[in-house]
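Provided below are the primary sequence and the corresponding predicted coordinates.
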Amino acid sequence: MTNGLVRAAACRARGEFFPKISLILLLLGALVLGAGARAAGTGYWHTGGNRILDANNQPVRIAAINWYGFETTTFVAHGLWIADYKAILDRIKSSGFNTVRIPYSDQMVSQNPVLGTMNINRNGINTDIAANATALDVLDKIIAYCGQIGLRVMLDNHRSNAGNSAQENGLWFTSEYPESTWLANWRALTTRYLGNTTVIAMDLRNEPHASACWGGDPAGCSSANDWQAAATRAGNAILAINPGLLIVVEGNDHYNNSFTWWGGMLRGVASRPVTLNVANRVVYSAHDYGPTEANQSWFNSSTTPASLNAVKDQNWGYIHNNNTAPIFVGEFGTLNSNADIQSTTPGSQGQWFSSTVQYLQGKSAMSHAYWAMNGNDRYALFNDSFNGIVNQSKLTLLQTIQFPLDQQPGNVPAITSVSPTSGASGIQVTVSGSNFGTMQGTSTVRFGSVNAAVTSWSASQITATAPAIAAGAYAVTVTVNGVSSNAATFTLTTATQPNYSFACPTALTVNRNANGAITCTLTRTGGFTGSVAFSVSGLPAGVTASANPASTTGNSTAVTFVASSTAALGTANVTISAAATGFTTRTAAVALTIASGQTGGVVTATGAVAGNSPWFAEEQVRLSNTATLTALTVTITVARNPSSLVSSGQYNTIGGSAIAQSVTTTSTQVVYTFTLASGQTLPAGTGRTFAAQLSPGGTAHPTTGDTWTASYTSGGSTTTTSGTF
């Protein structure tokens, strides 16, 4: 991944079986569990078929998050300028992740520089990091604290010289840092953490691509650039020192003239797997991204979750499906708007991300790592103060595929009390006990055979809503990943019949070549918590509609209407239906007016500072338009203050070939330009972002004086607006 920058030209197009001995060990492990509970994830981990197993042969799943910085020119994990590393790790743990993937550079290990004060705030935070601490000293502290709180660590050789993104030449070596240095640094780190079972895996190299090839490729592969052979050498070098580690081998980006994401091509494993001197240690890793990263051919108007899954299965998922070896999706991430997290729009970022999570939901043995935790990343999970979540919906979705090690079979849940012990449906009931796990995940509370809605969850206390079922006494149980607790009794005194009603705004106007949305609401009564699905009928010609979400256990959905350039003008009575199993379908009528949209509409543009630290800054122009634009130019002018300030990239969220972007630099300023291509149009929409990324040169950039201009043509008239940051 690009560490806050957009990846340039990301690509050219850009039955589970255990060996008999493992099965015997699993049976023995089950006998031991009868004598006393133990947590999952004990000791060093190994593989069996497509699963990762702990030292007791219990299945485990790496559910990781990336925390980068050691590979960059700061030589240290990012965020320490504003937050304590222990607080960051505590939040990672409480968010449900069990592993941290930590990228580093060979330059960081070889030079191990003293870090000074610029990127580590010791004024009341990080006070246990010494003033003369080196990069490896800080890495030691992060790993030690991970061990204290039950997190595991995967080290990732991200690049050779310090910098952003994958290595520019796509290889695991450069002229300055040859393969011998790469291997020497792996040996040094393996020796440094020998015997420390917090470090469970070594990711040999981030995103091999370009001339990096997989040996045996029918299209050819030179021995000097044979990644499969190099991975074998590195894996054996590590295992010669510590035979207990998992060896993570990423793919490259091409095989037999087919291309995909950097690190995402593993077709060569079928004919030439990586075979190491210690068996059951190889985990194959792929990186997968959405159209925001690069508009690959498989993102189009015909894209479906099934077609996206087929691409995954062809390039790397088959290794898991065939029970050959474990798969670790080492990087996948998305932006923070709700539409970029979940969407049904074909080819969209939200469709890719939600379907990727769904793909992982269906493959419980497949491991993964979200990119990235960093609050200074455009795919950030944490906010820019590194002390909270940017978009809770994203974390909630990720929590469906997590695997907290303290919430696995072996830790048997136990109920000590429920309070109150009786009441009507809808009352809040507190269940107290132990071994519930730090978060709900897929765990449940049941009243008899009925799942109850949960409002809060911790390891020792759960608050749930008494369901709308018949009056009587019920056994309350907690089930944590298939393991059920003892039962406590709750008496339901009265029950209200579950029901729901449905309402939408009664009218909406949408212009041709534009879209509009309304929010429809559900009112639930009687403790009804079931899923409700939405559909739209009676649409005029040339108009499509979609509900997001298409079904929900929540209380609302947004219905978006899209009118084509030939949509039938006038008003039509559209029906929106809300259907739930066991109920008569509810409907709402909307008077949908399709207008010509010949006026220029409304365009709003604002400037924003998305990030500003001593090492990286980003200034954005955010634009929304209610009518089609036939021309658009956005300019961001940044004063070179300090004079060492330079451009480090730019991106826009329109993508494709519609927008041309360029940067020019003079002695006094850097100018970023984005221009709508001749002959192309930009339909009405919201949330368009044009971003200028810069390296401030050691101090935070004073944005006063930086300017932006947006010039656009709509409805035959041209308007120019401007502002400052």
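Happy to help now that I have it.

Regarding T529, what is its secondary structure?
Under DSSP: H, G, I helix; E, B strand; the rest coil, T529 falls in the coil class.

Skip the chain neighbours and tell me the closest residue to it.
A453 (5.0 Å; C-beta to C-beta, 6 or more residues apart in numbering). C-beta coordinates here come from the backbone N, C-alpha and C atoms, glycine included.

swap in N625?
V603 (4.6 Å).

Could you report the distance from that neighbour to I654?
14 Å (C-beta to C-beta, to the nearest Å).

Identify the residues contacting the residue nearest to N625.
623-627, 629, 710, 712, 714, 719, 721 (C-beta atoms under 8 Å, 6 or more residues apart in numbering).

Model confidence at it, what's the number?
Looking at V603, its pLDDT is 82.

ditto for T174
97.

Kindly report the same for the one 3 residues further on.
The pLDDT attached to Y177 in the predicted structure is 97.

what sits against it?
Counted by C-beta under 8 Å, 6+ apart, Y177 has contacts 106-107, 110, 160-161.

which among those residues gets closest to R192?
Within the contacts of Y177, the smallest distance to R192 is 13.5 Å, found for S110 (C-beta to C-beta).

Tell me the secondary structure at the closest one.
On the basis of three-state DSSP, S110 is classed as helix.

My read is that it contacts T181, right?
Yes: with contact defined as C-beta atoms under 8 Å, S110 reaches T181; the gap is 6.4 Å.

give me the low-pLDDT residue ranges for the chain?
Low-confidence segments of the chain, defined by pLDDT under 70: 1-39, 407-411, 481-482, 495-496, 596-600, 656.

Just give me the residue right at the centre of it.
Note on the chain: the residue nearest the mean C-alpha position is G333, at 3.3 Å, using C-alpha atoms, centre = their mean.

Distance of it relative to T628?
31 Å.

how close does V278 sit to N185?
Counting by C-beta to C-beta, the gap from V278 to N185 is 20 Å.

So which residues of this structure form helices?
20-35, 85-94, 106-111, 135-149, 179-192, 227-241, 305-312, 318-321, 338-341, 349-361, 392-398 (DSSP state H).

got TSV for these, with distance to A464 and mean neighbour count too?
Shown next, in TSV, are these (distance: least, C-beta to C-beta, whole Å; neighbours: other C-beta atoms under 10 Å):
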stretch	distance to A464	mean neighbour count
helix 20-35	27	12
helix 85-94	20	19
helix 106-111	48	21
helix 135-149	27	18
helix 179-192	46	17
helix 227-241	47	20
helix 305-312	32	16
helix 318-321	35	19
helix 338-341	26	19
helix 349-361	23	21
helix 392-398	18	17
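
among those, which is nearest T637?
Here helix 338-341 is closest among those (C-beta to C-beta), at 28.1 Å.

contacts for the closest one?
So helix 338-341 is in contact with 290, 292, 334, 345, 348-350, 353-354, 391, 393-394, 397, 548, 687, going by C-beta under 8 Å, 6+ apart.

Show me the strands in the stretch 551-700 of the chain, by range?
551-552, 556-563, 570-579, 586-595, 603-612, 617-625, 631-639, 646-652, 659-665, 669-676, 685-695 (DSSP state E, counting those that start in this stretch).
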